[in-house]
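Trainee: give me the fold of what follows.
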Amino acid sequence: MSKPQHVPVLFNEVLEFLNVRPGATVVDATLGLGGHSSGIARLLGGKGRLICFDRDPQAMELGKAKLAELKDELGDAMPEVIFIPNAFSEAGKELAEGSIDGLLADFGVSSLQLGEAQRGFSFQQDGPLDMRMDTRNGITAEQVVNQADEEDLANLIYEFGEERRSRRIARAIVRARPLHTTAELAQVVAAAAPTIKTPGGHSIHPATKTFQALRMHVNDELGEIRTLLQSAPRLLRTGGRVVLISFHSLEDRLVKDSLRELAQHGEYEILTRKPVTASEVEEQQNPRARSAKLRAAERTGKVFTEIVKQKFPRPVW
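Mentor: Sure, this is the predicted structure:
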């Protein structure tokens, strides 16, 4: 299996805010290609523990290979590594309360997923309309595009893509069905809606928001994030930290509101009053980092209040 080009975003900032100590237990909830995990592992040392989640089987295998190479380099200085091939929403079921010192989640789509045509994530390469992060389960984008009624399709494109032309696009999709490939879908959307210009004068492909919406719907991305945000405070020890990287407004709003709510009840101390963004140098070297926003918080010792229990109900163990 070839190794895709991958640069982890906000790498130094992640390690700074996680405050990884030798011998600690840290969760990388989005292993991906192992970029962040490799940096965390170096800091944990031989007595530490790194727990890696990823629901994408291909990403998990590549991440394992990356960390195996690091083990060859570090030897006894390599922490214990546990791989859990599940979505990060399962963390509350897989891990014990108060068992970890840090948790990282990078909610972005990986270069692996975007770069392979057969995954169907990008309109820049023609491939099947799949878009599933976990290719073992769930509905595909092709099923959604060809089976959803026009109103539901318009609503999900508007909600998850923040696309104001959603009704026009949904109507065009329904008229063009059946659609089977990313190129077919992109052509239909482009014909139904003009190219978008940003305030800076740059062009955005008219299918960008529709593809985002379908991907988020297929993978229940916001639902996954909500579940992780609910579980994280219970998993962290006092003084443990959570570091979360979002790439668009819907994700960032969920993260911001959750951290703020828990901070108001004394569960967290927020470490980032404003989101941390990439430097100009990083943006030039890694354009993907331009939309990344990092927020972090530290777990206090306060016990959950009944109000917070009601707002963030305990998951089924």
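Trainee: please identify the buried residues of the helix or strand encompassing Val145?
Mentor: With secondary structure defined by DSSP states H and E, Val145 is part of helix 141-147. Under the neighbour-count criterion of 16 or more other CB atoms under 10 Å, helix 141-147 has 141-142, 144-146 buried. Glycine gets a C-beta too; all of them are placed from N, C-alpha and C.
Trainee: next one: that helix to chain centre, how far?
Mentor: 23 Å (CA atoms, centre = their mean, to the nearest Å).
Trainee: other SSEs contacting that helix?
Mentor: Counting contacts by 3 or more CB pairs under 8 Å, 6 or more residues apart in numbering; DSSP states H and E, the secondary-structure elements packed against helix 141-147 are helix 150-161, helix 208-218.
Trainee: ok now the following helix or strand past the first one, how far from the chain's centre?
Mentor: It refers to helix 150-161. In the C-terminal direction, the helix or strand that comes right after helix 150-161 (DSSP H and E) is helix 166-176. Relative to the chain's own centre, helix 166-176 is displaced by 28 Å; criterion: CA atoms, centre = their mean.
Trainee: cool, stretch 33-48 as well?
Mentor: The gap between where stretch 33-48 is centred and where its chain is centred comes out at 19 Å by CA atoms, centre = their mean.
Trainee: can you check stretch 141-158 too?
Mentor: Going by CA atoms, centre = their mean, where stretch 141-158 is centred and where its chain is centred differ by 22 Å.
Trainee: could you measure the residue nearest to the spatial centre of the chain against Ala190, distance?
Mentor: In the chain, the C-alpha nearest the mean C-alpha coordinate belongs to Phe107, at 1.6 Å (CA atoms, centre = their mean). Phe107 sits 27 Å away from Ala190 when distances are taken as CB to CB, to the nearest Å.
Trainee: swap in Arg295?
Mentor: As it turns out, when the distance is counted by CB to CB, Arg295 lies 35 Å from Ala190.
Trainee: between those two, which is the more surrounded one?
Mentor: Here Arg295 and Ala190 are compared on neighbour count by other CB atoms under 10 Å; more neighbours surround Arg295, at 23 against 17.
Trainee: quick one, phi/psi of the more buried one?
Mentor: Arg295 has phi and psi values of phi -130, psi 150 when expressed as degrees, to the nearest 10.
Trainee: now swap in Gly45 and tell me
Mentor: In this entry, Gly45 is assigned phi and psi values of phi 70, psi -180 (degrees, to the nearest 10).
Trainee: let me know the pLDDT of the nearest residue to it once chain neighbours are set aside.
Mentor: If you skip the residues right next to it in sequence, Gly45 has Pro22 as its closest partner in space, 4.1 Å away by CB to CB, 6 or more residues apart in numbering. If you check Pro22, the pLDDT there is 98.
Trainee: contact partners for Pro22?
Mentor: 43-45, 47-48 (CB atoms under 8 Å, 6 or more residues apart in numbering).
Trainee: against Leu44, how distant is it?
Mentor: Noted for Pro22: a distance of 6 Å to Leu44, by CB to CB.
Trainee: give me the neighbour count for Thr227.
Mentor: Applying other CB under 10 Å, I find that Thr227 has 20 neighbouring residues.
Trainee: and it, that's in a helix?
Mentor: Yes. Per DSSP: H, G, I helix; E, B strand; the rest coil, Thr227 lies within a helix segment.
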